[in-house]
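[1] Give me a model of this one.
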Amino acid sequence: MRHPLTSPTPARLRRAAARDLAVYASHPFAFAALAATSRLPQLRLGTTVIVHDRDQYTEALTGIPLDRLAAGTTGGQLAAVLGVEKGLMFTDADSRTARRTSAAHLSSRQVAAFAPVWHPLLQQAAASLAAGASLDVAGLARRLGGVTATAVLGVSADPDRLADLVLAAAAHTTRTELRPSWANRLLHREPVPPQALELAAMMRPTGPGWLADAAETGASSAEVAALGITIALATVATTAAALPRAVAWCADARLWGALPEHSDALTAELLRVTAPTGVLPRVTAADAELGGCPVEAGTRLVLVARSAARQGRPLPDPACPAPAAQAQLVFGVGAHACPGARLARAQMTEVLTALAPHQPRIVSARPAYRSALPSWQRLVVTARTSQRGADARSAWGEAAA
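    All right, here's what the predicted structure looks like:
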């Protein structure tokens, strides 16, 4: 039975799903091809294997050695421009150390400690809606990503400049990873993101944080820079993609009623269906088998997280969420799971909770046509009831303080 507050109506879900499809304009041919093959568990195209099946997706991340520094991958591009031979978070040999480090810096206690960094931005956004003004959620998300990244890394870089550089570099690396290697050679595309050197200069720890601890282990400045850029890429790009899409779903499907009582379930469902990092490009490091089929070392794997996480449950329902193991697939699994999953969930929950009392509705939206991840360039919302929102904002602000 549908819960009147938490279960969206089919018509509203269809409306929200139709709008969300627009964000795939960033890479129309690539995502159209992935959508067309989504019913196939596995598809081999030359030296590339596209994986949609949930079990094979998990098998690829947990049972096959992966070369995270291979040419054309994010790790490989950073290693090339910065002159490093290992990436502190890239290789299987370093994965155990990386997991311990990320657990220390992205624990529940640390995530709670980061929250005051973004509270002022949320209070300002809620105040704008309460006053009857419009709010560009995409701009808010980019700023949130910037301030969060600087806090996690422990650097004093300008958050807005950092976010701009990261999003431009992420778009460059994604185009390189999704494009076949022969196409990169044919087009004479520079495999190294041109923003990498300026980003590397920002990765100098000025206070406590992940980079300061990495430097204390004896890592070189280039290795620290590569680590910092990797974390910044994941933090900013995912935040910029995930938060506006989640708000759009809530606005179109009228999911605001699920907050705050069912906030965790709503967040998990929205992350599952949006799958901000919808595709994980990887390269095999050794001969192996995947789904009973042989794959050679050097094979490019295109792991479609969106397909794996949505199988059997394509639309969100906070009253009856998907199992946690299925929702987790958007963050990877095993040793290759994203260490920032807890931070992403906490931040999305707080953003939605801060905006929910104002029942935002969308007044204009524009997809990001050249972004790394499917996202909105602009998503402008206004409050449905400004006075009600003002009262709720005051209550939320006192609780956050």
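[2] rest of the way, CA atoms for contacts and neighbours
    OK.
[3] can you count the residues close to the nearest residue to residue 60 once chain neighbours are set aside?
    Distances taken as C-alpha to C-alpha, 6 or more residues apart in numbering place residue 290 nearest to residue 60, at 6.7 Å, with adjacent residues excluded. By the criterion of other C-alpha atoms under 10 Å, residue 290 has 17 neighbours.
[4] And the pLDDT for residue 290?
    Reading off the confidence values, residue 290 has pLDDT 96.
[5] Backbone torsions only: list them for it.
    phi -140, psi 120 (degrees, to the nearest 10).
[6] Tell me which residues touch it, please.
    56, 59, 60 (C-alpha atoms under 8 Å, 6 or more residues apart in numbering).
[7] Mind jotting down where the helices sit in the stretch 1-150 of the chain?
    For the stretch 1-150 of the chain, the helices defined by DSSP state H, counting those that start in this stretch occupy 10-20, 28-36, 54-63, 74-82, 95-105, 108-130, 137-153.
[8] May I see the buried residues of the third one?
    So the one you mean is helix 54-63. By neighbour count on 16 or more other C-alpha atoms under 10 Å, the buried set for helix 54-63 is 54, 56, 57, 58, 59, 60, 61, 62.
[9] and the second one, what pLDDT?
    Residue 56 is assigned 97 on the pLDDT scale.
[10] residues touching it, list them.
    Counting by C-alpha under 8 Å, 6+ apart, residue 56 touches 41, 290, 291.
[11] so, if you compare those, which one comes nearest to residue 260?
    Nearest to residue 260 among those, counting by C-alpha to C-alpha, is residue 41 at 37.3 Å.
[12] Give me the distance between the closest residue to that closest one other than its chain neighbours and residue 277.
    Here the nearest residue to residue 41 in space, its sequence neighbours aside, is residue 53; by C-alpha to C-alpha, 6+ apart that works out to 4.4 Å. Using C-alpha to C-alpha, to the nearest Å, residue 53 is found at 16 Å from residue 277.
[13] next one: residue 8
    Taken as C-alpha to C-alpha, the span from residue 8 to residue 277 is 25 Å.
[14] Check residue 335 too.
    17 Å.
[15] can you tell me the distance between the two ends of stretch 57-69?
    20 Å.
[16] That one: how far from the chain's middle?
    19 Å (C-alpha atoms, centre = their mean, to the nearest Å).
[17] go on, stretch 289-296?
    The answer for stretch 289-296 is 28 Å, by C-alpha atoms, centre = their mean.
[18] Just the C-alpha atoms of it, please, in CSV.
    Extracted in CSV, the C-alpha atoms of stretch 289-296 (Å, rounded to 0.1, in the frame of the first residue of the first chain):
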residue,chain,number,x,y,z
GLU,A,289,37.3,-14.5,-16.2
LEU,A,290,34.2,-12.4,-16.0
GLY,A,291,30.7,-14.0,-16.1
GLY,A,292,32.4,-17.2,-17.4
CYS,A,293,34.0,-15.3,-20.3
PRO,A,294,37.8,-14.8,-20.5
VAL,A,295,39.2,-11.3,-20.3
GLU,A,296,42.8,-10.5,-21.1
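[19] Now it: buried residues?
    Under 16+ other C-alpha under 10 Å, the buried positions of stretch 289-296 are 290, 295.
[20] Now find how far off-centre stretch 338-346 is within its chain.
    Worked out by C-alpha atoms, centre = their mean, stretch 338-346 lies 9 Å from the chain centre.
[21] picking up where we left off before, the residue nearest to residue 41 is in contact with residue 306, isn't it?
    No - if you go by C-alpha atoms under 8 Å, residue 53 and residue 306 don't touch, sitting 10.2 Å apart.
[22] The two: which is more packed in?
    Neighbours per residue, other C-alpha under 10 Å: of residue 53 and residue 306, the larger number sits with residue 306, 26 against 22.
[23] quick one, what contacts the spatially closest residue to the more buried one that is not a sequence neighbour?
    In space, and not counting its chain neighbours, residue 306 is closest to residue 278: 4.8 Å by C-alpha to C-alpha, 6+ apart. Counting by C-alpha under 8 Å, 6+ apart, residue 278 touches 304, 305, 306, 330, 373.
[24] So which of those residues wins on neighbours?
    Result: residue 330 is most packed of the contacts of residue 278 (other C-alpha under 10 Å), 29 neighbours.
[25] ok, back up a step: quick one, which of residue 8 and residue 277 is more surrounded?
    residue 8 (25 against 21).
[26] Show me the strands in the stretch 151-300 of the chain, by range?
    279-283, 288-290, 293-295, 300-304 (DSSP state E, counting those that start in this stretch).
[27] for the last one, packing partners?
    Right, the one you point to is strand 300-304. On a contact count with 3 or more C-alpha pairs under 8 Å, 6 or more residues apart in numbering; DSSP states H and E, strand 300-304 meets strand 48-51, strand 279-283.
[28] Which one of these lies nearest to residue 26?
    Using C-alpha to C-alpha, the helices and strands packed on strand 300-304 put strand 279-283 closest to residue 26, at 13.3 Å.
[29] if you average pLDDT over that closest one, what comes out?
    89.
[30] Between strand 300-304 and that strand, find me the angle.
    Strand 279-283 runs at 160 degrees relative to strand 300-304, counting by axes from the mean of the first three to the mean of the last three C-alpha atoms, to 10 degrees.
[31] Run through who's touching strand 279-283.
    66-68, 70, 73, 177-178, 297-306.
[32] now with 7 Å?
    By C-alpha atoms under 7 Å, 6 or more residues apart in numbering, the residues outside strand 279-283 that reach it are 66-68, 70, 177, 298-305.
[33] That strand pairs with which strands, parallel or anti?
    strand 300-304 (antiparallel) (DSSP bridges).
[34] Looking only at the partner strand, what residues are buried by neighbour count?
    Buried, per 16+ other C-alpha under 10 Å, within strand 300-304: 300, 301, 302, 303, 304.
[35] same thing with stretch 221-228?
    So, applying 16+ other C-alpha under 10 Å, buried residues of stretch 221-228: 221, 222, 223, 224, 225, 226, 227, 228.
[36] can you list those in TSV and add pLDDT and distance to residue 36?
    Putting the buried residues of stretch 221-228 into TSV (pLDDT from 0 to 100; distance: C-alpha to C-alpha, whole Å) gives the following:
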residue	pLDDT	distance to residue 36
221	90	44
222	87	41
223	85	40
224	89	40
225	90	39
226	86	36
227	87	36
228	91	36
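[37] Fine by me, we can end here.
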